[in-house]
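Visitor: 3D, please:
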Amino acid sequence: MPFTSTRADDDVALRAIMLAMVGERSLDDLLRMITSQLAVLPNVALARIWLIDRGDICERCPAAKWCPGHIPCLHLVASAGRPNIAPHDWSRLDGPFARRPIGLYRVGTVAKENQGITIPDVRVDPREAVLTEWFAEEGIVGFAGKPLTVRGEVVGVLAVVTRNRFDQDMCEMTGVFANHAAMSIANARAFAEVDRLHRALAAENDQLRAELSAQGAFGDIIGSSAAIGAVTARIALVAPTPTAVLITGESGTGKELVAREIHRRSDRADGPLVRVNCAAIPDALFESEFFGHTKGAFTGAVADRIGRFAAADGGTLLLDEVGEIPLALQGKLLRVLQEGTYERVGEERVRRVDVRIIAATNRDPAADVAAGRFRADLYYRLNVVPIHVPPLRERREDIPAIAQHLLAGLAIRHRRPVPKLSRADLQRLEAHPWPGNVRELANVLERGLIIGQGGRLVIDLPAAAAPAASPAPISATDIISETEMDALTRRNLIAALKRADGQVFGPGGAAELLGVKPTTLVSRLKRYRLR
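Guide: Numbering: from 1, shown residues only. Model (predicted):
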């Protein structure tokens, strides 16, 4: 005698299975759970799931002669049941039911038409006469095949064979269950893909770390000169420590690369590296940018913001162009460095943060301290371990290696073959003063790659400015027109840039020679269209 149960019992059992499916992330475990849980229901004799896949055993498939096009077929992936005949094993996934071409047999028809099939009583259905003996031996009465559909696409078929009749209520409940099973299968596949990508990325990162360690490489810091060797040696010493670092050097020398390499070699490498360009933040927003704010703290604060310090918690915060931080905020920044605490704008709660600070500047911080533009106590807190990145003109022997490295990356970016640098090209590159340093070199190479034809590289360097004519002496009674004054100012700017060898900021720079602030000089250079 088969077990029997009430309709309420069946509904409760199916809902319990659906709840259990939600938390299952493994596709194989999910499929086994669905069929095995269905099979233990009192009136269920057999439960099976087929998923659509492209046929991989077409030559040996029992249905090959009915499927000459080798179209995608249904693969039996899970099966469970309670046979009355002891030797039978309904959990096997091989045999004549292992593959079902779409459109053939009951299961294939369900997949092709995306419509369920229900046979309330197979004993009286003339289409099932061939299986009458098996039905009698196993006490089979009802059959239901439901499509497993995700976003309108059939991904498989769920079949349930019962030892009682399939009425309309049972049919509807099985359809609901099939829809839930389809979404659970889609979620499990998504989790599996995310896990695969995560493991592949982790393996790739491990391989890259191993290669870099084996080579003793310093990331994108290229060169073998003594000047760059001093920088990499200092990086190797300071990176494992929690000490603050102050990186100085002209614009375009690669100060950010040094900061990234320090972070990569530190014990905070798995934490975030957050960069703040202090020169790009309006004075009124510095505090909010650094420490965050609460909603409504000021006009425009439409939502809470965590700030850069909170974003870098457990990692490293790079303060690029640190000399541009207003004096009024430098005291609050010093408090964070000393005590590890801060407050968001608009709230009184004191928050703690664990951040390593790396500061970078193209100015002379000691001169800024002497001029009162930078707090001495903050300078000494940041300048625990200074690293000066030399300009490109002081390590010309590194230019060939840097150029080849940059060209390789640019060629990938522009989907072109990597051009070769001729001896003449290298001589021109090594002779150029490079006031813009590595950044200018990268721009020259990219321009040469773009305008070059047939895999050639065109080195287009700016021509040296012609010597300016000496202005005529001006007497105390002479009056200079606005045009003459502009011409005189322009010649003076060119002369200062020449004497500073193209350097704008820092000791010996054009701004220092002219006695003006670097930002003032930059504005004048833009006004007179000088590079």
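Visitor: in the protein, which helix or strand is least confident?
Guide: helix 7-22 (a mean of 69; mean pLDDT, DSSP states H and E).
Visitor: mind listing what the residue nearest the centre of the chain touches?
Guide: Central residue of the chain (CA atoms, centre = their mean): Leu201, 10.8 Å from the mean position. Contacts for Leu201 were tallied using CB atoms under 8 Å, 6 or more residues apart in numbering; there are none. Any C-beta I mention is one placed from the backbone N, CA and C, and that applies to glycine too.
Visitor: starting at the chain centroid, how far to whichever strand or helix holds it?
Guide: Taking DSSP states H and E as the definition, one finds Leu201 inside helix 168-215. Mean-position distance between helix 168-215 and its chain equals 18 Å (CA atoms, centre = their mean, to the nearest Å).
Visitor: immediately after that helix, which helix or strand?
Guide: That would be, after helix 168-215 and using DSSP H and E, helix 226-238.
Visitor: what helices or strands is that next one leaning on?
Guide: Applying 3 or more CB pairs under 8 Å, 6 or more residues apart in numbering; DSSP states H and E, we find helix 226-238 packed against helix 255-264, strand 385-388.
Visitor: since we're on Asp28, how many residues are nearby?
Guide: Neighbour count of Asp28, defined by other CB atoms under 10 Å: 12.
Visitor: For stretch 181-194, which outside residues touch it?
Guide: For stretch 181-194, using CB under 8 Å, 6+ apart, the contacting residues are 18, 21-22, 24-27, 30-31, 34, 49, 51, 147-150, 155-156, 158.
Visitor: pLDDT on that stretch, on average?
Guide: The pLDDT scores in stretch 181-194 average 86.
Visitor: Separate out the buried members of the contacts of stretch 181-194.
Guide: 18, 21, 24, 27, 30-31, 34, 49, 51, 147-149, 155-156, 158 (16 or more other CB atoms under 10 Å).
Visitor: Report the spatially closest residue to His180, excluding sequence-adjacent ones.
Guide: The shortest distance from His180 to any non-neighbouring residue, by CB to CB, 6 or more residues apart in numbering, is to Met18 (4.7 Å).
Visitor: Please apply the same query to Lys112.
Guide: Gly103 (4.2 Å).
Visitor: Just say helix, strand or coil for Phe298.
Guide: Three-state call for Phe298 (DSSP: H, G, I helix; E, B strand; the rest coil): coil.
Visitor: Can you verify my assumption that it contacts Glu287?
Guide: No - using CB atoms under 8 Å, Phe298 is not in contact with Glu287; the gap is 9.9 Å.
Visitor: Could you name every residue contacting both of these two?
Guide: Common contacts of Phe298 and Glu287, defined by CB under 8 Å, 6+ apart, comprise Val345.
Visitor: Mind checking which of these two has more residues around it?
Guide: Glu287 (23 against 13).
Visitor: ok, that one - contacts?
Guide: Contacts of Glu287 by CB under 8 Å, 6+ apart are 329, 332, 345.
Visitor: and the closest residue in space to the last one that isn't next to it in sequence, how many neighbours?
Guide: The spatially closest residue to Val345, leaving aside those adjacent along the chain, is His293, at 3.8 Å (CB to CB, 6+ apart). Using other CB under 10 Å as the criterion, His293 is surrounded by 22 other residues.
Visitor: and His293, what are its bridge partners?
Guide: Arg305, Val345 (DSSP bridges).
Visitor: what about the residue nearest to Lys112, how many neighbours?
Guide: Residues within reach of Gly103, counting by other CB under 10 Å, total 14.
Visitor: Same check on the one 4 residues further on?
Guide: For Val107, the count of nearby residues is 23 (other CB under 10 Å).
Visitor: quick one: it and Arg100 touch, right?
Guide: Yes - the pair Val107 / Arg100 is scored as a contact, 4.7 Å apart, by CB under 8 Å.
Visitor: Which residue ranges of the stretch 351-500 of the chain form helices?
Guide: Using DSSP state H, counting those that start in this stretch, the helices of the stretch 351-500 of the chain run over residues 365-370, 376-382, 399-414, 423-431, 437-451, 482-499.
Visitor: helix/strand/coil for the residue nearest to Lys112?
Guide: Classified using three-state DSSP, Gly103 is coil.
Visitor: Which residue ranges make up each domain of this structure?
Guide: The chain breaks down by automatic domain parsing into domains covering 7-192, 220-390, 393-451, 482-527.
Visitor: now do the same end-to-end measure for stretch 447-462.
Guide: 12 Å (CA to CA, to the nearest Å).
Visitor: what comes up buried for it?
Guide: So for stretch 447-462, counting by 16+ other CB under 10 Å, buried means 448-449, 457, 459.
Visitor: Could I get the residues you listed in TSV, plus columns for pLDDT?
Guide: Listed next are those as TSV, based on pLDDT from 0 to 100:
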residue	pLDDT
Gly448	89
Leu449	89
Leu457	86
Ile459	87
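Visitor: What is the nearest of those residues to Ser91?
Guide: Nearest to Ser91 out of the buried residues of stretch 447-462 is Leu449 (CB to CB; 62.1 Å).
Visitor: correct me, but the closest one touches Pro419?
Guide: Yes - at 6.7 Å, Leu449 and Pro419 qualify as touching, with contact defined as CB under 8 Å.
Visitor: related to what we said a few turns ago, report the contact partners of the residue nearest to Lys112.
Guide: Gly103 neighbours (CB under 8 Å, 6+ apart): 109, 111-112.
Visitor: Distance check, it against Leu51.
Guide: Distance of Gly103 to Leu51, given as CB to CB, to the nearest Å: 16 Å.
Visitor: before we move on, what about Ser79?
Guide: Shown here: Ser79 relative to Leu51, a distance of 12 Å by CB to CB.
Visitor: so which of the helices and strands packed on helix 226-238 comes closest to Arg415?
Guide: Taking CB to CB, helix 255-264 is the member of the helices and strands packed on helix 226-238 nearest to Arg415, at 24.8 Å.
Visitor: what does the next helix or strand after the closest one rub up against?
Guide: Following helix 255-264 in sequence order, the next helix or strand is strand 273-277 (DSSP H and E). The set of residues external to strand 273-277 that reach it, using CB under 8 Å, 6+ apart, is 256, 259-260, 263, 289-290, 308, 311-312, 315-321.
Visitor: Just the residues you listed: which are in helices?
Guide: When the contacts of strand 273-277 are checked against helices (DSSP state H), the matches are 256, 259-260, 263, 289-290, 308, 311.
Visitor: related to what we said a few turns ago, considering the helices of the stretch 351-500 of the chain, which stretch scores lowest in mean pLDDT?
Guide: For the helices of the stretch 351-500 of the chain, the weakest mean pLDDT is recorded on helix 482-499, namely a mean of 79.
Visitor: Can you give me the buried ones in it?
Guide: Within helix 482-499, the residues that qualify as buried are 490, 493-494, 496-497, counting by 16+ other CB under 10 Å.
Visitor: Please pull up the helix or strand immediately following that helix.
Guide: Next along the chain after helix 482-499, taking DSSP H and E as the criterion, comes helix 510-514.
Visitor: what about that next one, average pLDDT?
Guide: In this model, helix 510-514 has a mean pLDDT of 80.
Visitor: got the CA positions of that helix in CSV?
Guide: Provided in CSV are the C-alpha atoms of helix 510-514 (Å, rounded to 0.1, in the frame of the first residue of the first chain):
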residue,chain,number,x,y,z
ALA,A,510,61.3,79.4,-12.3
ALA,A,511,58.8,80.5,-9.6
GLU,A,512,61.6,80.9,-7.1
LEU,A,513,63.7,82.9,-9.6
LEU,A,514,60.8,85.2,-10.3
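Visitor: List the residues that contact the nearest residue to Thr243 once chain neighbours are set aside.
Guide: Distances taken as CB to CB, 6+ apart place Val384 nearest to Thr243, at 4.9 Å, with adjacent residues excluded. Applying CB under 8 Å, 6+ apart, we find Val384 in contact with 243-246.
Visitor: And for Lys332, the neighbour number?
Guide: 15.
Visitor: which secondary structure elements does the helix or strand where it lies contact?
Guide: Per DSSP H and E: Lys332 is located in helix 327-339. Under the contact definition 3+ CB pairs under 8 Å, 6+ apart, helix 327-339 sits against helix 286-291, strand 341-343, helix 376-382.
Visitor: I figured Ile281 hits Glu289, correct?
Guide: Yes - at 5.1 Å, Ile281 counts as touching Glu289 under the criterion of CB under 8 Å.
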